[in-house]
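> sequence and predicted structure are below.
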Amino acid sequence: MRSSDNPLRALVVYESMFGCTERAAHAVADGLRAEGLAVAVTDVGRALSAAEAEFDVLVVGAPTHAFSLSRPATRADAVRQGGRPDAATTGLREWLTATPPGEGRGRPAAAFDTRVTKARRLPKAASTRAAHLLAHHRFSLVARPTPFLVQDTDGPLVDGELERAAVWGRAVAVAARRALVPAG
Ligand SMILES: Cc1cc2nc3c(=O)[nH]c(=O)nc-3n(C[C@H](O)[C@H](O)[C@H](O)COP(=O)(O)O)c2cc1C
């Protein structure tokens, strides 16, 4: 069991074309840290593979593109709308798909997305797709796929969403610890 000298290690991997999901990822990381986890936050373009990275808890976040995780064509579209060209190279779909089968090994994980759609329970979105891929790779989901709202395609995040992201991060940390540390 990990103690305060040896805290649980969380890895937050995000994809972001306009900076909104990046900001949400850092807020989620603040929430995880507030619960005592050691947190690394990484842009998916610079992230080690899930097989190489060392972590106990995985959180992934991505912008919703066409009701799902981005694809090369939707990232190119984002660049045409002013998104960061360097962020178009790869995305969370590619990162998760490259994860070796079974690599999750039951470790706790959670997914969030950003989107303009006001419907919080959108049946298909980046976080629901990411959660499906996480489960497929044998991660253990400890939170529902969760959206954070942006005002427009290029942002900004709606007021209060960063605070909500930090609260969600805390909840993920608590659920992950409960999953990893048997009660009693
Ligand atoms: C090509 C493209 C497709 C999009 N499709 C959707 C969509 O299906 N639903 C939605 O709510 N938002 C959609 N959006 C808005 C994005 O979710 C928004 O740009 C994103 O949350 C901003 O996050 P980022 O700054 O991290 O890129 C789309 C944006 C782009 C560029």
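Happy to help now that I have it. Numbers count the residues shown, from 1 in each chain.

> quick check, central residue of the protein?
Nearest to the mean C-alpha position of the chain, by Cα atoms, centre = their mean, lies Val60 at 1.9 Å.

> now it: how far from Thr74?
Distance, Val60 to Thr74, by Cβ to Cβ, to the nearest Å: 17 Å. In this view, the C-beta of every residue, glycine as well, is placed from N, C-alpha and C.

> and for Arg33?
Arg33 is 32 Å from Thr74, by Cβ to Cβ.

> which residues sit in contact with the residue nearest to the centre of the chain?
Contact analysis of Val60 by Cβ atoms under 8 Å, 6 or more residues apart in numbering lists Val12, Val13, Tyr14, Leu92, Trp95, Leu96, Ala109, Ala110, Ala111, Phe112, Ala130, Leu134.

> Val116 too?
Leu149, Val150, Gln151, Asp152, Thr153.

> what do you get for Gly61?
With contact set as Cβ under 8 Å, 6+ apart, Gly61 has these partners: 12-15, 21, 24-25, 28, 92, 111-114, 127.

> Leu8 against Arg178, yeah?
No: between Leu8 and Arg178 there is no contact under Cβ atoms under 8 Å: 11.4 Å.

> of the two, which one has the most company?
Neighbour count, other Cβ atoms under 10 Å: between Leu8 and Arg178, Leu8 has more, with 21 against 12.

> distance between stretch 33-40 and the chain's centre?
Remark: stretch 33-40 is offset 15 Å from the chain centroid, using Cα atoms, centre = their mean, to the nearest Å.

> repeat that for stretch 144-164.
Relative to its chain's centre, stretch 144-164 lies at 13 Å (Cα atoms, centre = their mean).

> model confidence over it, on average?
Taken as a whole, stretch 144-164 has an average pLDDT of 97.

> now Leu92: how far from the ligand?
Noted for Leu92: a distance of 11 Å to the ligand, by Cβ to the nearest ligand atom, to the nearest Å.
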